[in-house]
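K.L.:
sequence plus the predicted model coming up.
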Amino acid sequence: MTGRPTPRAPSPGRRAAPSATLPADAADDIPGETLSDLLRAAAARRGGHEALVVPAFAHGGEAVRLTFSQLDARADELARALLALGIERGEHVALWAGNVPDWVPLMFALARIGAVLVTVNTALRREEVAYLLRQSGAAAVLHTTRTGTNESSVALDGLFGDGDPAVARVRHRVWLPSAPDDVAPLGVMPGGARCALPALAGLAERGRAVEPAALAAREAACAPGDVVNIQYTSGTTGFPKGVMLSHANVLMSGRSLSALLRTTCADRLAMIVPLFHCFGCVVCVLGAYVRGAALLSIPQFEPGAALALLEEERATIVHGVPTMFSAMLNHPDLPRRNIRTLRTGLMAGAPCPVPLMEAVEEKLRCKGITVTYGLTEASPGVSGSGPDAAREVRCGTIGAPLPGVETRVVDPATEQELPDGQPGELWVRGRNVMVGYHDEPAATARAVTPAGWLRTGDLCLRGADGHLRIVGRLKDIIIRGGENIAPAEIEAVLREHPDVADAAVVGVADEHFGEVVAAALLLRRGARLDPAGCARLLDGRLAAFKVPELWKAFDQFPLTGSGKVQKFKLREMFGDAVRTGAPDGQG
């Protein structure tokens, strides 16, 4: 990666904390109605400030430290490379990689030439990637040799070698290095030829022949309402859909969330979530850059590496899903890590247990940890609370609607708005609502009303103070003998058990009741599954019909690449166990 990276050995305890003396405009938004405009303005205003940091321990070589000026120059270099490759305005380009150093520059480079970034979950297998490439109509795919535990090059070789219809429209395949000493592998190209895969570095060399005027013309043609990103829903409930997000969509979320956290140019935001998800490329990247803050990155989440990042790079903000925070809190390195600079962060992406929030406050010393709520279709920000809000608000609610976001709580059956205190489906409207699902007008019409309201599918309760609480998922509702049961209510109580690290509750088909309640548990180290003890905890707290009838302990839950529990897989596992006559036990 270019940009004159400056190597520096980790020096915990010696690096000065962010300065308390800030420029007068430190908390001001950096202007820009498109992603390219934003980066240009950031380079002009904060040119010498660090923009992107990948520490040496995470990169396998010298540390990468790009200033905003260097990041802008790298985005230009890659934009010209993509023009040399022949990527046209509006074409879709799939990026299948972990958080490699060039991921962020590529995101801005594609936006700069009016192309659409299609983010690919690193956990996807060959058949899933085939579906995504076919459904998105991708013209090019950029990828590393491996993504997480996947041999992505091998999967793509199979698709191109077999002439799979999924890759019929793919004209270009480009390889990205994961580490400085990576060598381009042999692979199958579009058309079937086998050769050393063209690498991004060579493509950048070709781009130098592209006239600056050609790039300027492409950049000038970009508009706030243009689709800039397609993100495929995470697959927690079934087949993914391609969510089309515009510049205006994602910048609204970035600005709202940075304002919520009072982000300034002195902040250093630790990105431990994947870039392929909205949490990474919108909440982290844009949430930092709209205020000129530095972004600190590791290739993929690993709790020890995440703790090292927080300490060695003096992070002030950290975002993550509950499973990530739980893993860091339970990691043996935590007691020896000197993490004193954290001031705030967002926990989101799944229900956030209050005990976990409190543990993050106390053990990670992140006193301003708060919950935000969103979904990909809302790009993703909907609601939240600031780091100075009362603990019961930050830890016990999803806050209030973000500026510019309207919300309604409606009866799912009648679609009539409900009064405060009555749970119903949360509807959202604003500039943050997606353009639609790619090539799926019927699904878009089901999700967004003619008046522009996005049906979230989440069951919500609004208090008299305006704060919102998610009480379940409409599709997750278990109907047992005619009684509606919200899994989140049961999960919250089960997490209070001293032996339970996490809980996920699902409905399993039953001939008599229609569905019965099943509890999947992650147990703390050394604990044994005790269904009777867990049931006693629920007894008296919840109605008898809500007490699970099936119990199973798991070493780990099936998760999406972004850390969400795949409840449809848990249902399948419980169903298989019931059929074999062994519903209780270890998973």
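P.N.:
Now that the structure is in, tell me what you want to look at. Numbering: from 1, shown residues only.
K.L.:
quick one: low-confidence ranges for this protein?
P.N.:
1-22, 148-149, 234-239, 351, 481-484, 540, 561-562, 579-587 (pLDDT under 70).
K.L.:
domain parsing for it?
P.N.:
70-244, 477-580 (automatic domain parsing).
K.L.:
in which helix or strand would I find V382?
P.N.:
strand 381-384 (DSSP states H and E).
K.L.:
picking up where we left off before, export the domains of the chain to CSV and tack on distance to P274 and mean neighbour count?
P.N.:
(Each C-beta comes from the backbone N, C-alpha and C, glycine too.) Shown next, in CSV, are the domains of the chain (distance: least, Cβ to Cβ, whole Å; neighbours: other Cβ atoms under 10 Å):
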stretch, distance to P274, mean neighbour count
domain 70-244, 6, 19
domain 477-580, 6, 17
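K.L.:
can I get these in JSON lines including distance to G47?
P.N.:
Below are these laid out as JSON lines (distance: least, Cβ to Cβ, whole Å):
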{"stretch": "domain 70-244", "distance to G47": "8"}
{"stretch": "domain 477-580", "distance to G47": "33"}
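K.L.:
so which of these comes closest to T344?
P.N.:
domain 477-580 (19.9 Å; Cβ to Cβ).
K.L.:
ok now the closest one, how far from the chain's centre?
P.N.:
Put simply, domain 477-580 sits 25 Å off its chain's centre (Cα atoms, centre = their mean, to the nearest Å).
K.L.:
just stretch 299-314 next, same as before
P.N.:
17 Å.
K.L.:
in that stretch, what's buried?
P.N.:
299-303, 305-314 (16 or more other Cβ atoms under 10 Å).
K.L.:
between the two ends of stretch 384-398, how far is it?
P.N.:
5 Å (Cα to Cα, to the nearest Å).
K.L.:
contacts made by that stretch with the rest, please.
P.N.:
257, 260-262, 343-344, 346, 352, 354, 357-358, 361, 367-373, 382-383, 399-400, 402, 463, 467-470 (Cβ atoms under 8 Å, 6 or more residues apart in numbering).
K.L.:
on that earlier part again, tell me which two of the buried residues of stretch 299-314 sit farthest apart.
P.N.:
Every pair of those checked by Cβ to Cβ; the farthest is Q300 and R314, at 21.6 Å.
K.L.:
if we can go back for a sec, among the contacts of stretch 384-398, which are located in helices?
P.N.:
Counting by DSSP state H, the part of the contacts of stretch 384-398 found in helices is L257, L260, V354, M357, E358, E361.
K.L.:
now the phi/psi pair for the nearest residue to the third one once chain neighbours are set aside, please.
P.N.:
Pointing back at V354 there. Nearest residue to V354, sequence neighbours excluded (Cβ to Cβ, 6 or more residues apart in numbering): C395, at 4.9 Å. Torsion angles at C395 (phi, psi; degrees, to the nearest 10) stand at phi -100, psi -20.
K.L.:
and C395, how close does it get to R446?
P.N.:
Applying Cβ to Cβ, to the nearest Å, the value for C395 to R446 is 34 Å.
K.L.:
more neighbours, these two?
P.N.:
C395 (22 against 11; other Cβ atoms under 10 Å).
K.L.:
in what helix or strand does the closest residue to I339 other than its chain neighbours lie?
P.N.:
Leaving aside its chain neighbours, I339 sits nearest to L310 (5.0 Å; criterion: Cβ to Cβ, 6+ apart). Element membership for L310 (DSSP H and E) is helix 303-312.
K.L.:
what's the helix or strand following that helix packed up against?
P.N.:
Under the assignment DSSP H and E, the closest C-terminal helix or strand after helix 303-312 is strand 317-319. Judged by 3 or more Cβ pairs under 8 Å, 6 or more residues apart in numbering; DSSP states H and E, the packing partners of strand 317-319 are strand 268-271, strand 344-347.
K.L.:
before I go, just wanted to say thanks for your time.
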